[in-house]
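Enquirer: Sharing a sequence plus its predicted fold:
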Amino acid sequence: MTGNISFLLEFEEIDGGYVAFIGSPKGDKISGKGKIKTGKLDFDDVYFVKKLKFNLFSVSQICDKKNSVLFIDTECVVLSSDYKLSDENHVLLRV
């Protein structure tokens, strides 16, 4: 989800309803969708919300493509689907 329309390829206007955030409890309109291509990872069905100030992505959408997501301090790392954990002893919890 983005508020920057210039990020979106193959943009199409849609009536996607509304999405609510803490700063906007009534919600803001989802008015379009498109694709984002990074060269290594592509995102389909990225919603455009004009008033959104930050970009958001869906961890479940990443995992649906068989990739892994790792959160470290202040960054998020997306690992390729062929990444293998080197030592199972580093796993503290599986949910």
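Expert: That came in fine, so what should we check first? Numbers count the residues shown, from 1 in each chain.
Enquirer: buried stuff in the worst-scoring helix or strand of the chain on mean pLDDT?
Expert: In the chain, the helix or strand scored least confidently by mean pLDDT, DSSP states H and E is strand 24-29, which has a mean of 84. Neighbour-count burial for strand 24-29, with 16 or more other Cβ atoms under 10 Å as criterion, is recorded at D28. The C-beta positions use only the backbone N, C-alpha and C, and glycine is treated the same way.
Enquirer: Now do that strand: distance to the chain's middle.
Expert: Relative to the centre of its chain, strand 24-29 is centred 19 Å away, using Cα atoms, centre = their mean, to the nearest Å.
Enquirer: Same question for stretch 69-81.
Expert: That offset, for stretch 69-81, works out to 12 Å (Cα atoms, centre = their mean).
Enquirer: Identify the residues contacting stretch 69-87?
Expert: L41, V59, I62, C63, K65, K66, N67, S68, V91 (Cβ atoms under 8 Å, 6 or more residues apart in numbering).
Enquirer: ok, T74 - how many residues close by?
Expert: Counted with other Cβ atoms under 10 Å, the neighbours of T74 add up to 5.
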